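> I would like the atomic coordinates for the input below:
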Amino acid sequence: MRKIIFQLFIVTVLVSCNQQEVKESSYNILNEKDRAILRDEIIEDRFNNLLPKLMDETNIDMWVVISREYNEDPVIKTMLPSVWLNARRRTILVFYRDKAKNTIEKLAVARYDVGKNIKSAWNKEEEPNQWKALNRIIEERNPTKIGVNISKHFALADGLVKTDHDEFLENLSKANQKKVVSAEKLAIGWIETRTPKEMELFENLVKITHDIIDEAFTNNVIKPGETTTEDVVWWMRQKVTDLGLATWFHPTIDLQRSKEPLKSHIYSFSKFKDNQVIMPGDLLHCDFGISYIGLNTDCQQHAYVLGKDETEVPTFLAAAFAKGNRLQDILTTNMQTGKTGNEILLASLSQAKKEGLQPSIYSHPLGLFGHSAGTTIGMWDSQEGVPVRGDYPLHKNTVYAIELNVTVAIKEWQKDIRIMLEEAGSFGDGKHNYVNERQEAIKPIKINY
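A predicted model of the protein is given here:
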């Protein structure tokens, strides 16, 4: 009898493990070697097909990117091959664009080739001084403009540290010093632009994000009266780790319920929310994003814990959620290439208010970084517009986190609630598409009472 029980136990464990393997394989995540291959293919494609166009558009024929190990320029982090996790010693990259010949040189003033794409152009035995080796490359090519990553308002385009900046200029001739300009627009363009290869990956990554949220918002994870919001947060963190992925920010789970007043915006955007026990009738909200092969997602969705006698989400909550979708539609319709973030923001808020909505919009670029480079379309505490960063125009072939909320009066609860949504949206030639759909209904969490 004991032998039979033990055999049944083994079978149960094997079945459970097999089910887990099937579930995790459905996420379609590459192993480490295949991830590295794909990352290098994407970077090579960006160097050969995207970078020349960006250099031509910004009228910079030489781009010099300088970083020291563990103090990397954000731009150089996006250029390193899969087997380089950091810069080495002082790594200097030089990109020279000869538009007349339609060529681009990719050189490293470093002891080694930087992967297969960037060849070492420094023999230290012949020239011990790295700065002089760089200067020789510049003198030989005689560029019109030498772009470096300095920017007052865009942090991701401001990666050249003061020491390297000063030593770089000290070792240039006076004639070449006059050619040095900010590569702000080039750096932003490099970071914000998505290639077709990246978009294929991005669609899968957003789907993985949605799948993890779908799994988190089930009775398998949430036991009303027992599970807390923090329990779900750490389930999501563990799930990401188990899948071999990473998060670029700590996720949050918060809730709204009938007997509690709506809390302020400050609470809504705090990463230190109260840890609450989840109960039937709670409207749940998550803020969650993951990183994979150089790209990042950012997603906010809602779920509702069904009560004992409920079979679907209450109609008044469904109607409130529809207003959130409507605000998304208003915003994405106004997001046209060439318009600035501030123009898009003010037009969208005006239209939404005319339709009787109580909107708040705070959308941001998404891609190589979670809060990436590009135009800023509002901030939760800057609904009148954002100086400088909001004046940058929207470009095609970019991805934005369509992030916003709408406040809705719920008479059944005798209070206001806030529908907070965020989805990745891509922009081509004047056309918006969600990278992997959007949430169009509150997720019902069915409980086994």
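> Please read off the pLDDT at P314 from the model.
Note on P314: pLDDT of 97.
> same for the helix or strand where E215 lies, what does it pack against?
If you go by DSSP states H and E, E215 is part of helix 196-216. If contacts are counted by 3 or more CB pairs under 8 Å, 6 or more residues apart in numbering; DSSP states H and E, helix 196-216 sits against helix 32-45, helix 229-242, strand 283-288, strand 291-292, strand 295-296, strand 299-305, strand 415-427. Bear in mind the C-beta positions are built from the backbone N, C-alpha and C, glycine included.
> now the angle between helix 196-216 and the first one, please.
By that I understand helix 32-45. When axes from the mean of the first three to the mean of the last three CA atoms, to 10 degrees is applied, the directions of helix 32-45 and helix 196-216 differ by 140 degrees.
> residue boundaries of the strands in the stretch 51-200 of the chain?
62-68, 90-98, 103-109, 119-120, 146-148, 180-182 (DSSP state E, counting those that start in this stretch).
> which residues are contacting the last one?
Around strand 180-182, the neighbours that count as contacts under CB atoms under 8 Å, 6 or more residues apart in numbering are 60, 145-151, 157, 169, 172.
> ok, those residues vs L331, which is closest?
Relative to L331, the closest of these is A157; by CB to CB it sits at 25.3 Å.
> for that closest one, what are its contacts?
Contacts for A157 (CB under 8 Å, 6+ apart) come out as 75, 149-151, 182-184, 187-188, 191, 373.
> how close does it get to E32?
Remark: distance between A157 and E32 (CB to CB, to the nearest Å) = 31 Å.
> Kindly report the same for D416.
Per CB to CB, D416 is found 47 Å from E32.
> Pick out whichever of those two has more residues nearby.
The neighbour comparison of D416 against E32 (other CB atoms under 10 Å) goes to D416, with 14 against 9.
> how's the protein carved up into domains?
Here the domain assignment for the chain is 32-191, 194-445, based on automatic domain parsing.
> okay, those domains in a markdown table with distance to S26 next?
Shown next, in a markdown table, are these (distance: least, CB to CB, whole Å):
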| stretch | distance to S26 |
| --- | --- |
| domain 32-191 | 17 |
| domain 194-445 | 7 |
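> what residues are up against T241?
By CB under 8 Å, 6+ apart, T241 lies in contact with nothing.
> ugh, wrong one, I meant I150
By CB under 8 Å, 6+ apart, the contact set of I150 is 157-158, 160, 165, 182-184.
> Most neighbours among the residues you listed, which one?
Compared across these, A183 has the highest neighbour count, 30 neighbours, by other CB under 10 Å.
> Distance from the chain centre to stretch 204-222, please.
Relative to the chain's own centre, stretch 204-222 is displaced by 18 Å; criterion: CA atoms, centre = their mean, to the nearest Å.
> Check which residues of that stretch are buried.
Residues of stretch 204-222 classed as buried by neighbour count (16 or more other CB atoms under 10 Å): 204-213, 216-217, 221-222.
> List the backbone torsions phi and psi for W413.
Note on W413: backbone dihedrals following degrees, to the nearest 10 are phi -100, psi -10.
> dump the residue contacts of it.
W413 makes contact with S258, according to CB under 8 Å, 6+ apart.
> Next, count neighbours for the closest residue to G281 other than its chain neighbours.
Spatial nearest neighbour of G281, excluding adjacent residues (CB to CB, 6 or more residues apart in numbering): G307 at 5.2 Å. For G307, the neighbour count with other CB under 10 Å is 15.
> Isn't G307 up against S258?
No. With contacts counted by CB atoms under 8 Å, G307 stays clear of S258, the gap being 10.9 Å.
> overlap in contacts of the two?
Overlap of the contact sets of G307 and S258 (by CB under 8 Å, 6+ apart) consists of G281.
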